[in-house]
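Colleague: please find the sequence and the predicted model below.
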Amino acid sequence: MNEAHARSAPVSRRTRTGIVALAVPDLNEPYFAELTSLFVTRAHERGLSILIQQTAGLHEREVDIANGVGLPPIDGLIHIPRSLTVGDLTRRTAPGPIVLLGEHIQVSPFTHVTVDNKGGTDAATVHLADAGCRRIAFIGRRDALPSDAADQRFAGYRTAVDRLGIGDDASLVATVDAFTPEEGHRAMADLLARGVACDGVVCSNDSLAFGVLSALHDAGARVPTDVAVIGFDDVHAARFSAPTLTSVAPDDGALVDAALDQLERQMNTPPGMDMPVRHVVVGARIVKRASTER
């Protein structure tokens, strides 16, 4: 786990409530649901309660939560933004302890915790190459509504493909409108319908990968014999797909603990005291399952 440091403005203080707000984009996405559950468990171990707020990635909703609109008194906020800006944060009307989680805002005067997304998909691409794949597709770019996580994961794939000298073909890259099984199925079916030959697929997340597995099954393609598939996030359902899904597993325990550590550090800082901003990056590892076992 890597940390970078900067300086921030003094932190204001209020009476403790024992409540920390967690703003998440979409609880229908399994990864966010599982991460939220882990936050609740780890916060309880610290004597804290989690107030869950779903934003759908909407700018107005994210700004309202950052400003405490509609929230009871809280001790701090962990925010997973999708459209929030640094300007929005510097104009907060309810300043207080805040930790940003994820990829959307990585350079700012606010403490930030994220996963090594680029390194994860680089390793995923190498894993497929080691399994014998030479035309590796990437499913999960999102151009209409950009995603910082997807951009970094695509960058990791591209870095590995360039370094390995394999499958440099723009037709192997498929965009999606959302990170859902339906979009994974549609994108994979479209590649097959267009006659794009691939023997491996890196997916931006596991939900897309589940759809990819379904589309390959519908087309009569054998996984992993004909096409090996790897996802990202290692959600619980990856253990029960057919075949079971190889996935890049972020160190979610380290992610959650780092976010809570940094928030409590701010909560415990005396009023008016300057404190360093920290930017923390946690690692990820590949969990090998049947979808890549050749």
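Modeller: Yep, it's here. Residues are numbered from 1 along each chain as shown.

Colleague: which residues of the stretch 151-294 of the chain fall in helices?
Modeller: 181-193, 206-218, 252-267 (DSSP state H, counting those that start in this stretch).

Colleague: quick one, which of the ones you listed gets closest to residue 85.
Modeller: helix 252-267 (20.3 Å; C-beta to C-beta). Where C-beta positions appear, they are placed from N, C-alpha and C, glycine not excepted.

Colleague: show me what that closest one is in contact with.
Modeller: 1, 11, 16, 20, 34-35, 38-39, 42-43, 46, 48, 75-78, 97-99, 101, 111, 113, 115, 275, 278, 280, 282-283 (C-beta atoms under 8 Å, 6 or more residues apart in numbering).

Colleague: where does pLDDT dip in the stretch 51-200 of the chain?
Modeller: 106, 145-146 (pLDDT under 70).

Colleague: hmm, try it at 80
Modeller: Flagging of the stretch 51-200 of the chain using pLDDT under 80 yields the residue ranges 104-107, 143-146, 167-168.

Colleague: now the residue lying closest to residue 208 once chain neighbours are set aside: how far from residue 122?
Modeller: Leaving aside its sequence neighbours, residue 208 sits nearest to residue 184 (C-beta to C-beta, 6 or more residues apart in numbering; 3.5 Å). For residue 184, the distance to residue 122 (C-beta to C-beta, to the nearest Å) stands at 21 Å.

Colleague: which one of those two has more residues nearby?
Modeller: Each of residue 184 and residue 122 has its neighbours counted (other C-beta atoms under 10 Å); residue 184 has more, 31 against 23.

Colleague: surely the more buried one and residue 211 touch.
Modeller: Yes. Using C-beta atoms under 8 Å, residue 184 makes contact with residue 211 at a distance of 2.6 Å.

Colleague: mind listing the residues bridging to residue 78?
Modeller: residue 22, residue 99 (DSSP bridges).

Colleague: that one and residue 289, how far apart?
Modeller: For residue 78, the distance to residue 289 equals 30 Å [C-beta to C-beta].

Colleague: do the same with residue 44
Modeller: Counting by C-beta to C-beta - residue 44 and residue 289 are separated by 31 Å.

Colleague: name the residues of stretch 185-195 that are buried.
Modeller: For stretch 185-195, the neighbour count (16 or more other C-beta atoms under 10 Å) marks 185, 186, 187, 188, 189, 191, 192 as buried.

Colleague: now swap in stretch 100-120 and tell me
Modeller: For stretch 100-120, the neighbour count (16+ other C-beta under 10 Å) marks 100-105, 108, 110-120 as buried.

Colleague: chain center to that stretch: distance?
Modeller: Taking C-alpha atoms, centre = their mean, to the nearest Å, one finds stretch 100-120 lying 10 Å from the centre of the chain it belongs to.

Colleague: same check, this time on stretch 280-288
Modeller: 11 Å.

Colleague: picking up where we left off before, ok, the residue nearest to residue 208 to residue 292 distance?
Modeller: With C-beta to C-beta as the criterion, residue 184 and residue 292 are 16 Å apart.
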